[in-house]
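Asker: Make a model of this:
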Amino acid sequence: MKNVGMKAESYRTAVAIGRLHAPPHCIELLRNGNTEKGDALKTARIAGILGAKRTDELIPLCHPLPIYRADVDYELFEKHVDIIATVETIGPTGVEMEALTAVSLAGLTLYDMLKPHCEPEDLLLDGIKLQKKKGGKSHFTRTLKDTLSASIIVLSDTVAAGKKPDTAGQNVLDILKEANFSNVNYQVIPDAPEQLLALIEQQKNQYPLILTVGGTGLGPKDLTVETIQPLLKREIPGLMEASRNFGQRRTPYASLSRGVAGYIDNSLVITLPGSRQGALESLTAILPALVHLFDVQKNIPHAGGYQ
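Answerer: Next up is the predicted model:
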């Protein structure tokens with residue numbers, strides 16, 4: 001089963017459709033709700049909703065998700081009925097399969113309740129497909145439309161001294177490159193506030209995004225927050241709130257991170273944890289917001305939050 005543990009949760013919706021072809025007298029039975037087995041539309045609606053909620057039990061390797069909404073609607077015509085299923089969740093992966101399963105089970109239920117009233121060849125269930133989806137990569141993009149430069153400053157005495165390799169900063173570098181940041185400046189310095197101050201002063205109007213890695217914990221040398229926070233002209237607390245919330249779902253230690261984010265002149269500065277996993281999780285959580293922010297600043301059209 002694919003690991004979706006590192007995907008950020010978001011609002012997701014999917015709409016699927018299907019069509020059941022049937023003789024006109026069977027369509028009339030659906031309208032009147034008086035098939036031999038009862039009201040077929042109501043029964044099929046329940047079947048579809050149950051199918052959406054239990055998709056992970058029916059389809060191998062399909063992730064279980066909390067279903068916040070599952071609806072089945074119909075449009076009746078002379079010789080066919082269209083089945084429309086809508087499913088919504090807030091989760092790390094989409095609900096396309098849940099919507100398709102809802103349509104399939106609703107259609108099969110209608111087929112079962114109509115077959116006593118016609119010949120088998122008179123019924124045909126087809127055209128089951130995904131009509132639309134929102135959420136995840138298709139809606140909350142993780143890639144800049146226009147490339148931007150960025151800077152990564154890793155703070156670590158041991159890495160700067162060559163005693164161990166830097167994995168956290170390299171993870172951050174890889175994520176930025178995948179997000180279409182280019183000309184990424186990368187450097188390692190000791191846990192020295194004066195060096196960090198000098199670099200920020202040098203880079204603050206040169207790079208739209210500056211990421212520090214390390215110094216956000218509670219150790220005696222963890223002074224990145226104390227160094228950066230007084231310089232922030234406009235803080236964005238929601239970024240680090242999202243980061244800590246994402247991390248807290250994976251380790252209780254995430255609550256100990258004191259990272260801050262905001263603007264110093266024309267540069268957005270974000271302080272990430274120094275651990276490999278902490279830096280990865282923090283940037284993963286806030287990357288869609290960063291991409292959205294920079295695209296909006298460049299007046300690039302975007303889909304918006306809840307359209």
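
Asker: Flag the shaky bits of the stretch 101-250 of the chain, pLDDT-wise.
Answerer: For the stretch 101-250 of the chain, residues meeting the criterion pLDDT under 70 lie at 136-140.

Asker: And the helices in it, which stretches?
Answerer: Secondary structure of the stretch 101-250 of the chain (DSSP state H, counting those that start in this stretch): helices at 157-160, 168-178, 193-203, 224-228, 237-248.

Asker: CA-only coordinates of the shortest one in PDB, if you can.
Answerer: Once non-C-alpha atoms are left out, helix 157-160 reads as follows in PDB (Å, rounded to 0.1, in the frame of the first residue of the first chain):
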ATOM      1  CA  ASP A 157      28.500  23.400  14.600                       C
ATOM      2  CA  THR A 158      29.100  19.700  13.800                       C
ATOM      3  CA  VAL A 159      28.100  20.000  10.100                       C
ATOM      4  CA  ALA A 160      30.100  23.200   9.700                       C
END
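
Asker: Show me what that helix is in contact with.
Answerer: The contact list for helix 157-160 (C-beta atoms under 8 Å, 6 or more residues apart in numbering) reads 164-166, 169, 188-191, 221. Any C-beta I mention is one placed from the backbone N, CA and C, and that applies to glycine too.

Asker: can you check the longest one too?
Answerer: Contacting residues not belonging to helix 237-248 are listed as 8, 253-255, 257, 259-261, 270-272, 278, 281-282, 284-286, 289-290 [C-beta under 8 Å, 6+ apart].

Asker: try the fourth one
Answerer: The set of residues that contact helix 224-228 without belonging to it, under C-beta under 8 Å, 6+ apart, is 155, 193, 196-197, 200, 212, 214-216, 258-260, 264, 269, 271.

Asker: hang on, residue 44 in a strand?
Answerer: No. With DSSP: H, G, I helix; E, B strand; the rest coil as the criterion, residue 44 is helix rather than part of a strand.

Asker: which residues does it contact?
Answerer: 72, 83, 105-107, 109-110, 113.

Asker: Over to residue 113?
Answerer: Going by C-beta under 8 Å, 6+ apart, residue 113 touches 35-38, 40, 43-44.

Asker: now with 6 Å?
Answerer: Residue 113 makes contacts with 35, 37, 40, as judged by C-beta atoms under 6 Å, 6 or more residues apart in numbering.

Asker: which of the residues you listed count as buried?
Answerer: 35, 40 (16 or more other C-beta atoms under 10 Å).

Asker: Out of the contacts of residue 113, flag the one nearest to residue 178.
Answerer: residue 40 (49.4 Å; C-beta to C-beta).

Asker: Would you check that the closest one makes contact with residue 110?
Answerer: Yes. Look at residue 40 against residue 110 with C-beta atoms under 6 Å: they come within range, at 5.4 Å.

Asker: what separates stretch 27-46 from the chain centre, distance-wise?
Answerer: Relative to its chain's centre, stretch 27-46 lies at 38 Å (C-alpha atoms, centre = their mean, to the nearest Å).

Asker: which parts of that stretch are buried?
Answerer: Neighbour counts over stretch 27-46 (16+ other C-beta under 10 Å) mark 27, 29-30, 35, 40-41, 43-45 as buried.

Asker: So for that stretch, first residue to last residue, what's the gap.
Answerer: 19 Å (C-alpha to C-alpha, to the nearest Å).

Asker: Stretch 200-214 too?
Answerer: Using C-alpha to C-alpha, the two ends of stretch 200-214 sit 15 Å apart.

Asker: can you list contacts of it?
Answerer: With contacts defined as C-beta under 6 Å, 6+ apart, stretch 200-214 is touched by 148-156, 168-169, 172, 224, 264-272, 274, 279.

Asker: check contacts around residue 189.
Answerer: Residue 189 touches 160, 195, counting by C-beta under 6 Å, 6+ apart.

Asker: what sits opposite it in the beta ladder?
Answerer: residue 155 (DSSP bridges).

Asker: For it, give its distance to residue 196.
Answerer: 7 Å (C-beta to C-beta, to the nearest Å).

Asker: returning to what we had before: list just the nearest of the contacts of helix 224-228 to residue 90.
Answerer: The nearest one, if we look at these relative to residue 90 and count by C-beta to C-beta, is residue 259, at 24.1 Å.

Asker: helix, strand or coil for that closest one?
Answerer: Classification of residue 259 by three-state DSSP places it in coil.

Asker: Likewise for the one 4 residues further on?
Answerer: Classification of residue 263 by three-state DSSP places it in strand.

Asker: Does it have any beta-bridge partners, and if so which?
Answerer: residue 234, residue 268.

Asker: That one reaches residue 236, doesn't it?
Answerer: No. The pair residue 263 and residue 236 fails to qualify as a contact (C-beta under 6 Å) at a distance of 7.8 Å.

Asker: So between the two, which is more surrounded?
Answerer: It is residue 236, of residue 263 and residue 236, that has more neighbours when counted by other C-beta atoms under 10 Å, with 18 against 15.
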